[in-house]
Structures are given as structure tokens and as C-alpha cells.
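Chemist: would you be able to build a 3D model of this:
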Amino acid sequence: MAIVTIIGAIDQATVRSIRAASAGDPDGELLVVINSEGGDIQSAFDIASVIRSHRGGSHGRAVKECSSAGVLVLSACDRRSARPGSRFLLHSRSATTLPARRTAVDLRERADQLAEVDERCRRQISAAIGCRPAEIAALERGEGTVLTATEALDLGLIDTLVGCPELSRRAAQRRQARARARMPGSSPGEPAWRGVAARYLSARGASGVAIGLPPQWWVRP
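Modeler: The predicted structure is shown next:
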């Protein structure tokens, strides 16, 4: 087994560590331990690519915090677990720099670039947990949504809550029931996954949880 610990901001140094660990034991399971507030989104995409291509399978484990770009890394793992008390932040991307000329055209172009990155992130995360990208977008609305480990378990972002086998089992049953409800030929009615995001958002307010991020749009993720 190859073990990599991601602590703090995700960057290209993190990518190099993941690549080295994967190359060092290509047929063993890759354990990625994450305690990160996020970081560079391109680095997160690179890490996710390494994890998905690792022959020996992968296990992502969140400890304390797995936020922003860290969620993308976690979602790339075959198995995903977390310790009780861990938290997960989902939010839209934001720009680190402004164009030199801040015309309406320049800002629209930057906004379009951010929207493309957001959509790419949502596709990867939603594919991993079995939902629609629009459901992830709902959780990213406003300042984003902070999920507890139990909520992340019910959502499918993790499949195991460490030390809580019964909670993990019941959450798996709920996810399976939602998957069956989404299958062709199932009974008509409200899409099963809509209620999941709606439940979190209604309990936390229309824009999710206030997480203390700066109110300016153009800030580092």
C-alpha cells in the first residue's frame, strides 16, 4: 500500500507526491489521507487523474477538513471514508487574479472560464457519488454549503464513517433506494435526488451555511 497525506493547500508539490506514491507501488492500494482547506484547482484535477489511473485501486480518507479542491480529490477515489467530526465544503470556484483591463467583455470572459471549471468539477463529483451536476450546483450556491461527516455519508460523498458501521450501512441503503428510484421505469414523481440537496439547503437557509469566506467574488478558492 502507498500512503500519501495531503495537509494544507493543494498545489503542484502535492501532485508530485501523489505521482511518486503511485509510481512506487502501482499495484498496491493508494491511500490518500486528506486534511485540506482546498487550493489550486488545476492541481486537484491533476491529482484526480493520477488517482483514477492508479492500477491498485484507491481509498480516500478525510480527517478534520476536506474542502473545495479537496472534495474533488476525494471524489476521485474508489473508496471514501471520513472520521466523525470531519467537515466538507462545496462551493463555486473564484478567480485569483483580475484581467489588467476590467471591461465588461473581460469580466464576462473570466466568468465564462470560471463557469467551465465549475461544470467540470461538478461532472466529476456527481459521477462519483451518483447524482446530477445540477444537484452539486445547488449545494455550491451562494457562499457554499458545509456538510458534516454524517451528511456527506448520506450524500454519497463518503461511503464509510469510521467507527460507525451501522450508520454507514443505513446510509448505503438510502443511497441504493435513491438509485433505484432514478432507474428507467421507476414510479413518476419528484426526482429522488432533488430531496437530498433540498433538505440540506432548507435546513441551512437558501444559500447554505455561512462559512466565513470573504464576500468579494474575486478571491482565491
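Chemist: separation between the residue sitting nearest the centre point of the chain and residue 117?
Modeler: Centroid-nearest residue in the chain: residue 71, 2.8 Å away (criterion: C-alpha atoms, centre = their mean). According to C-beta to C-beta, to the nearest Å, residue 71 and residue 117 sit 14 Å apart. Where C-beta positions appear, they are placed from N, C-alpha and C, glycine not excepted.
Chemist: how about residue 133?
Modeler: Taken as C-beta to C-beta, the span from residue 133 to residue 117 is 13 Å.
Chemist: rewinding a little: isn't there a helix covering the residue nearest to the centre of the chain?
Modeler: Yes - secondary structure of residue 71 (DSSP: H, G, I helix; E, B strand; the rest coil): part of a helix.
Chemist: check contacts around it.
Modeler: For residue 71, the set of contacting residues under the criterion of C-beta atoms under 8 Å, 6 or more residues apart in numbering consists of 88-90, 125, 157.
Chemist: what of residue 65?
Modeler: The contact partners of residue 65, by C-beta under 8 Å, 6+ apart, come to 35-37, 86-89.
Chemist: packing partners for the helix or strand containing residue 44?
Modeler: Under the criterion of DSSP states H and E, residue 44 resides in helix 41-53. Contact analysis of helix 41-53 by 3 or more C-beta pairs under 8 Å, 6 or more residues apart in numbering; DSSP states H and E lists helix 12-24, strand 58-67, helix 69-75, helix 104-129 as its packing neighbours.
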